[in-house]
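Colleague: Model the following, please.
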Amino acid sequence: MNDTRQTKMFIGAMTLAGLGTAAYAASASHTLHLYFAVAVLALAVVTSRMKVKLPGINGNMSVNLPFLLTAVVNLSAVEAVAIACVSTAVQCWPRKNAKLNPQQMAFNLGMMAFATSLASMVFHADWLSQMQPNSTTIGLVRATATLFLAQTMTVAAIVALSEGKSATRTWWSLAQLSFPYYVVSAGITSMVETVSSHLGWELALAVFPVMYGIYRSYQLYFGSKTETPRPEPMVRAAAAGA
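Modeller: Numbers count the residues shown, from 1 in each chain. Okay, here's the model as predicted:
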């Protein structure tokens, strides 16, 4: 049975967490990279609408993750959070003849602000760099793992609250579906880093065709699977940010 009160409380808590971490990210940010940030934002927004329906869960996964990771690694925290929130708002914006779900938007914006802020703080943390070799690759692994855990765990929690299911089992199912994509996205981000260091970030951002190919592959793969539709709007809203 759905517990609407607990679900709304969790959404409120997630919104506050997103606002708090975003404010901290803004206070910790220094150097801005206007042109690079605008380019990453444009690509993140476009790919955010390339959504794949996940089997077994009323939610979607967009293919903008490499650009979010690129923002975390190369831009200031406030720029990364802004890109994540704008692309998430575009991702959640209803298609023609559909209605906007305020709870869906609030949860996903809060979740993405929270996850991206944490990933940026982990990537740029001086104390972690002192414990490990100061390597962009290691930092990228930390940032990717942070995004993966923050996104999948919060989505699993809201889905479990909405459907009255086990949060652990829901997370495990979601993690199995999305983990390969996070690994591929980290690899693509690493490729962008390598190319940009030699040829400039403008050429490195020409990975859009790669992301479109991944989108088509996921679409064909998941499209071949059957599932029983679940009409609860809160579940669809929560999983949309995965």
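
Colleague: use CA for all of it now, contacts and neighbours both
Modeller: Will do.

Colleague: Show me where this protein has its helices.
Modeller: 4-28, 34-48, 65-74, 77-92, 102-124, 126-131, 136-163, 167-199, 201-204, 208-223, 233-239 (DSSP state H).

Colleague: and the ones you listed, which one's lowest on average pLDDT?
Modeller: Mean pLDDT is lowest for helix 233-239 among those, at a mean of 40.

Colleague: can you count the residues close to Val192?
Modeller: Number of residues near Val192 (other CA atoms under 10 Å) recorded here: 22.

Colleague: Next: Ser62.
Modeller: Neighbour count of Ser62, defined by other CA under 10 Å: 21.

Colleague: same deal with Ser27?
Modeller: Ser27: 11 neighbours (other CA under 10 Å).

Colleague: Would you quantify the distance from it to Met121?
Modeller: 12 Å (CA to CA, to the nearest Å).

Colleague: Could you do Thr70 as well?
Modeller: Thr70 is 14 Å from Met121, by CA to CA.

Colleague: Those two - which one has more neighbours?
Modeller: For Thr70 and Met121, the more surrounded residue by other CA under 10 Å is Thr70, and the numbers stand at 23 against 20.

Colleague: Which residues are in contact with the more buried one?
Modeller: If you count contacts by CA atoms under 8 Å, 6 or more residues apart in numbering, Thr70 has them with Val40, Thr189, Val192.

Colleague: Adding distance to Leu65, write those out as CSV.
Modeller: CSV is the format used below for these (distance: CA to CA, whole Å):
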residue, distance to Leu65
Val40, 11
Thr189, 9
Val192, 13
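
Colleague: any idea how far Glu142 lies from Ser117?
Modeller: Careful, residue 142 is Arg and not Glu. Distance of Arg142 to Ser117, computed by CA to CA: 13 Å.

Colleague: Compare those two (neighbour count), which wins?
Modeller: In this view Arg142 and Ser117 are compared by other CA under 10 Å, and Ser117 has more residues nearby, 31 against 17.

Colleague: So that one is in contact with Glu79, correct?
Modeller: No. With contact defined as CA atoms under 8 Å, Ser117 does not count as touching Glu79 (10.1 Å).

Colleague: For Leu174, which non-adjacent residue is spatially closest?
Modeller: If the residues on either side of it in the chain are set aside, Leu174 comes closest to Thr152, at 6.7 Å by CA to CA, 6 or more residues apart in numbering.

Colleague: what number of residues lie near the one you found?
Modeller: Neighbours of Thr152 under the rule other CA under 10 Å: 23.

Colleague: do the same with Thr88
Modeller: Using other CA under 10 Å, Thr88 has 26 neighbouring residues.

Colleague: cool, Ala98 as well?
Modeller: 8.

Colleague: and if you look at Val195?
Modeller: With neighbours defined by other CA under 10 Å, the count for Val195 comes to 16.

Colleague: Grab the nearest non-local neighbour of Asn94.
Modeller: Actually, residue 94 is Pro. It isn't Asn. Leaving aside its sequence neighbours, Pro94 sits nearest to Leu100 (CA to CA, 6+ apart; 5.7 Å).

Colleague: quick one: the one you found and Gln91 touch, right?
Modeller: No. Counting by CA under 8 Å, Leu100 does not reach Gln91; the two are 11.7 Å apart.

Colleague: These two: which has the busier surroundings?
Modeller: Comparing Leu100 with Gln91 by other CA under 10 Å, the one with more neighbours is Gln91, at 26 against 12.

Colleague: residue contacts, the more buried one?
Modeller: Counting by CA under 8 Å, 6+ apart, Gln91 touches Val45, Ser48, Arg49, Ser62.
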